[in-house]
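*Asks:* sequence? don't have it. structure:
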C-alpha cells in the first residue's frame, strides 16, 4: 500500500542491521505498529507468508495424527497458580482482565500467555482410561506476554502461534512425540523456509517454566545473532500431577499421563527476513512466497505484450503463484519494487521477446538472468524456482558454517565472537554458574546442547569457562 | 473421546429441543464448558466442522479479491469511544484489561468485541489516494462479548469468526461489496451447509451499532425459531468521518471513503445442529463433514474383511474423507455411534459382501440402504454423497416453507406463531413502535425486510400492527 517502496531507502545492512530490519518491514509492507505499544498489525503481505507457513505446518500435524481444537482466551488466576514454576515464569508478563461489562470480576482472568494450565485442566476432565490415549491436539491462536522492549515479529506483546498439547501413556511415547514435533519444526524451517537450524536441548536455565526438558531449533541470522525458532517440551508428569490428571492404566491403577507441548510462532518471519534478506530487500524462498513469480511487461502499450502476459499467467497460475504488474510505473521501478518484496523469480516480457517467442527470467537470489523459449517456460520456471529454493538454503548453511567456530578457552571464545560473530561451539560442564558467567562476560547465551556432538576443533573434555571436566559440547551465541 | 455416545441417551427433540441440543453437543463431542463461565472449548470434531466452513469461506474471499491480515486483540478505550453509537452498543459487554504484568495500565484496554475502531484507525494511517482503493481485507480471530446467558455455539462470551473490513471510493461500490459478501454467506450456508436462508435488510433497531444499514442471512431451525447466521454492514462514511479517515479523490479533494464490514461466526455450527439434526443425532452435510464416510467392518475377524476395508479406504481416500471403525465395539454400537456423529454415508462390509463383491451403503439422512457392486463403489458413493447434500437442503427448505406463513392482522400473526411456529410474513409500516409492540406481545422480532418482496397471502398494504399504510413485507420470528 505504501507508495515509495524503493530499495535505495533501505539502511545499509552491514552498517546498521537493526535499522535495515525495520526498513524491510516497513517498505516490503509486512507489518505496522498499532496504537497499543508492543502490539503489531500483520499486513497482507506478511500475513500471506504466515498462511503459507501455517499450511505447511498444519498439514504435517495432521499427517502425524494431530487434530485442532480451540481453547478459551481467558484463564482464571487460580488455574494459573497450580504449577509453581509455571506461574513464576509467566505471572510477571501476563495481561489481567479484571472487569467484564460493567462488573468487577470476582476472580481475575489472564489473557493466555500459553495454555498448559487450561488445557491440562480440560484433559483431566476428559481422560479416564489408557484406551483414550494418546491425546494429540493443537490450537492456532494468539497469545499475550507483556514485553518491555519489542520489535516487529521478533518480540511483540501479542503474537500468533500454534501450541500443540499431547498426553501419553508412557514416558517413552512422550519423549518420542517431543522429538517428532521438534523434527517437524526443523523440516518446516529447512525445507520450506530454507533456514538451516541446529537442533538440541536447552540448558535447565533456558527450559520452559514447568517443563522437564525443552528442545529447540536455533537459526543463525545474517548478523551472527541466533534466533530460537521453535521449541518442544517434555513435561513428564509435572503438570499432570500438579493438576491431578490421572487415567486407569493397563494394570488397573490410577496414573498420571506423560505430557508434551510445542510451539512455533510468527517470530519465524523475523528469521526469514534476517537470514535471506539482502541490500535490495526481502528474499522469500519460493515454497512460502505469497507471490512466486511476477511478470513485468516491458513497453506494455505495444501490441500483444499485455495479451501475452495474460496468456502466460493463465497458463502458469495452477502451477505457480503468479501475478502481472500492470501499474503504470516504469519497468525499472517495478524491478526494484518486486526485488524489495523478495519475489523469487521475475519474468520480463517485451515486444522483442514476443518476436523471438522468448522471455527473460531473473532470479532474486543471484540476480542472474536467463532467456527462455516460451514453449519451455513452464518447466524452466519451475526448475528455476527449485534452484532458488535450494540455493537459499545452501547460502544460509554456508553462512552459518562460516560463522560457527570452536573455542577451547575464554580468550578464544571472546575473540571468535568479536571477529566472526555467530555460534561458538565449546565444552560446558553443566554448571549454571559457568553459563551465567559466559553470558555476563560476552553477552552470549547457551543456545542448545546439540544432538550432533561433533567435537571438531575442540581439544579437551574440559569446560570452556571453569576448566573442569565436561562431557558435552554446547552452542553459544548472542541472540534475539 | 466420551465412552457412551449412544443415541438412546438423547432427549426427545420434539418434547425438549433445548435439552436435545445440549445432548447432541455433548454426545457428538463437539464442545465442552471451560472453567470460565460462558467460555467454551471447541473439541476436535466440532473444530473440524469449523475448519471446513473456514476453508469454503476463505476461498470465496480470496476469489473475490480479499486478503487476510491480523489486527491486535487489545484496543485502547479512547479509540472505542470515537463513534458514539458504536461505543454505546458495545461498551456494556466488553472485557477490560486494566493491568499488564505487575503494572496498572495508564489507559484501560478492551479485548476486541469487533475491530471497526482499530481497523478504521489503521486504515486512516495507510490511506492517501483513491489509487489505493479499494481496501479489501479480512481477519480470522476470536472476539469477546460478555454475555449473561450463554449456550454453546449460539451465544458464548468468546466466539471465533471472521470480520471483513473494506474501504471504497464511492457509495455505490461500498453497497455492491456489502451485498456481494452477504451473497457469499448465503452461498456457504445454502450450498455447503445445506441451510436455506432468507436474505434481506435489518430494521434500524436491529442494525449494527454505528452502521447505516445491516443486511442479514436468516435461517429457520427445526423448532421454528430463527437464527441470524451472518451479517454484512454498510457504514457509509459514519466511521471514516468519526475517525477522520480521508483520501485525495479524483478531483484532488480530501474525502471520507465508504466502508463496509461483514462477519460470520462459529454460531453457524448451532444452525447446522438445529436445522439437520434428528432423533438419532447430528446430521452433517457431506461438503462440510469432517468424516464423509465411515467403513464398518462386519465380523472383522473373518479373513479378508479388514484387508478389503483397508483397500477400499486407500482407493477412496483422495476422493472422500473416509475412515474405518476398527474398534472392538459391536457393529450395532458403531452404527449408532456414527449416526449420532452425523456421518453422511456408512459403508457396511462383511464376509458375505466380500463373497458377492459388494458393500452396503447406508444414508444418514433417510436411513435408506443400497447394495453396490465394489467395482462401482467409487462413483456410487460420490453420487450418494451428492444426493445426501441435495436432500438435506431440500428437506430444510421444505421445513422452512411449511413453517412460513402470512399474517394480515395480529390475530392471524399470533395464531400462526402458536400453531405453526416459524417465520411470519407481514406488512410493516417502518415504525419502530410497531416492531416493539409485536415483540412484546408475541416474542417475535423483526428478522429482516427480505429482498424478495413476495406478497402471496397478503391482502392489503397496511401494517400488521397499526393498520397504517405499509410498503414492505417483513419476516418476523422468535429467534435465538
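*Replies:* Arrived safely, thanks for sending. Since the model is a prediction, treat every value here as computed from it, not as a measurement.
*Asks:* where does the closest residue to residue A:431 other than its chain neighbours land on pLDDT?
*Replies:* Nearest residue to residue A:431 in three dimensions, chain neighbours excluded: residue A:466, at 6.7 Å (CB to CB, 6 or more residues apart in numbering or on different chains). In short, each C-beta sits where N, CA and C put it, glycine included. Listed pLDDT for residue A:466 reads 97.
*Asks:* cool, and residue A:85?
*Replies:* 85.
*Asks:* cool, residue A:1 as well?
*Replies:* 37.
*Asks:* for residue A:88, same thing?
*Replies:* For residue A:88, pLDDT reads 87.
*Asks:* does it belong to a helix, a strand or coil?
*Replies:* The three-state label for residue A:88, taken from DSSP: H, G, I helix; E, B strand; the rest coil, comes out as helix.
*Asks:* now the helices for the stretch 301-450 of chain A?
*Replies:* A:305-316, A:331-340, A:351-355, A:377-402, A:410-419, A:432-442 (DSSP state H, counting those that start in this stretch).
*Asks:* TSV for those, including mean pLDDT?
*Replies:* Formatted as TSV, the helices of the stretch 301-450 of chain A follow (pLDDT from 0 to 100):
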stretch	mean pLDDT
helix A:305-316	96
helix A:331-340	96
helix A:351-355	95
helix A:377-402	98
helix A:410-419	98
helix A:432-442	98
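*Asks:* how about CSV for those, with distance to chain B added?
*Replies:* CSV is the format used below for the helices of the stretch 301-450 of chain A (distance: least, CB to the nearest CB, whole Å):
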stretch, distance to chain B
helix A:305-316, 15
helix A:331-340, 15
helix A:351-355, 27
helix A:377-402, 21
helix A:410-419, 32
helix A:432-442, 23
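*Asks:* dump those to CSV, plus mean neighbour count.
*Replies:* Formatted as CSV, those follow (neighbours: other CB atoms under 10 Å in any protein chain shown):
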stretch, mean neighbour count
helix A:305-316, 16
helix A:331-340, 18
helix A:351-355, 15
helix A:377-402, 17
helix A:410-419, 16
helix A:432-442, 15
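*Asks:* could I get those helices as TSV with distance to residue B:200?
*Replies:* Formatted as TSV, the helices of the stretch 301-450 of chain A follow (distance: least, CB to CB, whole Å):
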stretch	distance to residue B:200
helix A:305-316	38
helix A:331-340	44
helix A:351-355	52
helix A:377-402	48
helix A:410-419	68
helix A:432-442	65
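*Asks:* which residues touch the residue in the stretch 201-350 of chain A positioned nearest to chain B?
*Replies:* The stretch 201-350 of chain A approaches chain B most closely through residue A:266 (8.3 Å), counting by CB to the nearest CB. Counting by CB atoms under 8 Å, 6 or more residues apart in numbering or on different chains, residue A:266 makes contact with A:42, A:50, A:153, A:159-161.
*Asks:* what's the weakest-modelled helix or strand in chain A?
*Replies:* helix A:84-90 (a mean of 86; mean pLDDT, DSSP states H and E).
*Asks:* picking that back up, which of the helices of the stretch 301-450 of chain A sits closest to residue B:434?
*Replies:* Relative to residue B:434, the nearest member of those by CB to CB is helix A:305-316, separated by 55.0 Å.
*Asks:* what's in contact with that closest one?
*Replies:* By CB under 8 Å, 6+ apart, helix A:305-316 touches A:293, A:295, A:297-300, A:322-324, A:326, A:347, A:349-351, A:354, A:359, A:374, A:377-378, A:381.
*Asks:* state the mean pLDDT of stretch A:245-260.
*Replies:* 98.
*Asks:* then stretch A:100-117?
*Replies:* So the average pLDDT for stretch A:100-117 ends up being 94.
*Asks:* list the buried ones in that stretch?
*Replies:* A:100-101, A:105, A:108-117 (16 or more other CB atoms under 10 Å in any protein chain shown).
*Asks:* what secondary structure does the residue lying closest to residue A:184 once chain neighbours are set aside sit in?
*Replies:* Excluding its sequence neighbours, the residue lying closest to residue A:184 (CB to CB, 6+ apart) is residue A:60, at 4.8 Å. Put simply, residue A:60 is helix when judged by three-state DSSP.
*Asks:* contact partners for residue A:60?
*Replies:* Contacts of residue A:60 by CB under 8 Å, 6+ apart are A:184, A:187-188.
*Asks:* just among those, which is most surrounded?
*Replies:* Of the contacts of residue A:60, residue A:188 is surrounded by the most neighbours, 25 neighbours in total, counting by other CB atoms under 10 Å in any protein chain shown.
*Asks:* for it, give me the pLDDT.
*Replies:* 98.
*Asks:* ranges for the strands of the stretch 151-300 of chain A?
*Replies:* A:158-168, A:197-201, A:213-220, A:226-236, A:247-248, A:254-255, A:258-265, A:293-297 (DSSP state E, counting those that start in this stretch).
*Asks:* out of the ones you listed, nearest to residue A:77?
*Replies:* With CB to CB as the yardstick, what comes closest out of these is strand A:158-168 (19.9 Å).
*Asks:* pretty sure residue A:275 contacts residue A:219?
*Replies:* Yes: judged on CB atoms under 8 Å, residue A:275 makes contact with residue A:219 at a distance of 6.4 Å.
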